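>>> How does the following fold in three dimensions:
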Amino acid sequence: MPDFKVLRPRSSSAAGALAGAIVTLLAGLSPAAAVELGGITTFTGVPAAPGFPEGIAVHGDRIFVSGPARFGTAGTGPSAIQVFDRDRGALVTTIEVAGEALAFEHALSNLAVDGDGRLYVISTQLGLIRFTKQGPASWIQGSYGDPLPDLPNCSAAAAGGDCSPTVVDFPPLPNDVVFDDDGFAYVSDSLQATVFRYAPGGGAPQVWFQSPLFEGGGFIPFGPNGMRLDPGRSYLYLAVSSSFAVPFTGTIYRLPLVDAPAAADLEVFHQYTFGETPDQLAFATTGDVLVSLALINQISLLAADGTEVGRIASAPGDATPLDAPAGIAFDARTKSLLIANHALLTGNPAHFAVLRAFVGDPGDALAEPLLP
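Below you'll find the predicted structure:
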């Protein structure tokens, strides 16, 4: 295994410089498993309203980006999904969320797609929303899953009732959503140390797994964040951005994809070091995992055994630098990784964008089940 390496391409605007900067990582794996990593380019800008993009999904000839994922939205306009042409990067339409109480905090985090091409997005106010396409630029909004419940701390909860295994009592903060092949939707709750699950058809969410290890810590209270299923559909992988036990230190866990995993089933896949807070995940076809590290503006590459083998970082000449990268998704056509540039801490509208990094892999196809 090579020494730890951060990729810093000389220039993403010059093909010769980029070719010289491409590095083959994953040494020690079979040649077929090697992934070449290249420089970062700007695929498209994201409108400043609502801004702060987090979720990203690729389906058909469209790329979907959801936001805003931030606090301080009371009194601002509606949350939205922006729809871009997959080849040209042009903005096709904006899907505004209806029914939010705009005088209060409101936000969209991540999104998923089903087998009929319908969009599912997590709203802090409305729960799991579904959008059905009705025309070239027309989408009909409907409710799919109820909002996550505000769980009492287990120390104060009635015996036998659902509760949050946290020390600090926070309200729910839904973050990521991922489907399995059977149509169950898993939703991470960043503030209640819980992964919820919706049955096929939606309705009320049920507690699927909880752990006090998931409680966020330090000034970063976010625990459960991005989730993905492995290519074999045997495990759910979960990024915990920060730990109450070890503040500012993130972990990638995995759980067997069963109806009721036990506490003993929780495995550490990779442990990051101080200040490296993982956000979202994406699987390559090889089983290797790409992880956005929001606070340090990098993309981490983990081999299938959990060993970190590389990083992607912006170069000084990049038109738009990585700025709190959040949602990541593969574009199979170009064998590249698309990155939602969240810009959460800087708030710089010029950094609201979808970036592209060549990775030489089409990515593992996400489950897109047929749903009622």
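>>> And stretch 126-136, what's buried?
Residues 126, 127, 128, 129, 130, 131, 133 are the ones in stretch 126-136 that count as buried (16 or more other C-beta atoms under 10 Å). Where C-beta positions appear, they are placed from N, C-alpha and C, glycine not excepted.
>>> what packs against the helix or strand where residue 132 lies?
Assigned by DSSP states H and E, residue 132 falls within strand 127-135. On a contact count with 3 or more C-beta pairs under 8 Å, 6 or more residues apart in numbering; DSSP states H and E, strand 127-135 meets strand 119-123, strand 138-145, strand 174-179.
>>> tell me the mean pLDDT over that strand?
In this model, strand 127-135 carries a mean pLDDT of 96.
>>> still on that earlier bit, let's have the helices and strands packed on strand 127-135 in TSV, adding mean neighbour count.
Written out in TSV, the entries for the helices and strands packed on strand 127-135 read as follows (neighbours: other C-beta atoms under 10 Å):
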stretch	mean neighbour count
strand 119-123	25
strand 138-145	16
strand 174-179	25
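>>> sorry, back to before: what's the farthest-apart pair in the buried residues of stretch 126-136?
Using C-beta to C-beta, the buried residues of stretch 126-136 reach their maximum pairwise distance at 127 and 133, which is 20.6 Å.
>>> residue ranges with poor pLDDT in the chain?
Counting by pLDDT under 70, the chain contains low-confidence residues at 1-38.
>>> Helices of that one, residue ranges please.
Taking DSSP state H, the helices of the chain run over residues 15-21.
>>> So the residue lying farthest from the centre of it versus residue 149, what's the distance?
Of all residues in the chain, residue 159 sits farthest from the chain's C-alpha centroid, using C-alpha atoms, centre = their mean; the distance is 34.2 Å. Remark: distance between residue 159 and residue 149 (C-beta to C-beta, to the nearest Å) = 17 Å.
>>> before we move on, back to that, of the helices and strands packed on strand 127-135, which is nearest residue 361?
Taking C-beta to C-beta as the criterion, residue 361 comes closest to strand 174-179 out of the helices and strands packed on strand 127-135, the separation being 19.3 Å.
>>> Tell me the neighbouring strands of the closest one, and mark each as parallel or antiparallel.
Strand 174-179 sits in its sheet next to strand 185-189 (antiparallel), going by DSSP bridges.
>>> Report the angle between the partner strand and strand 127-135.
Regarding strand 185-189 and strand 127-135, their directions subtend 130 degrees when assessed with axes from the mean of the first three to the mean of the last three C-alpha atoms, to 10 degrees.
>>> can you pull the buried residues of strand 185-189?
Of the residues in strand 185-189, 185, 186, 187, 188, 189 count as buried by neighbour count, 16+ other C-beta under 10 Å.
>>> what's the neighbour count on the residue nearest to residue 197 when sequence neighbours are not counted?
Nearest residue to residue 197, sequence neighbours excluded (C-beta to C-beta, 6 or more residues apart in numbering): residue 208, at 3.9 Å. Neighbour count for residue 208, taken as other C-beta atoms under 10 Å: 19.
>>> Fine by me, thanks again.
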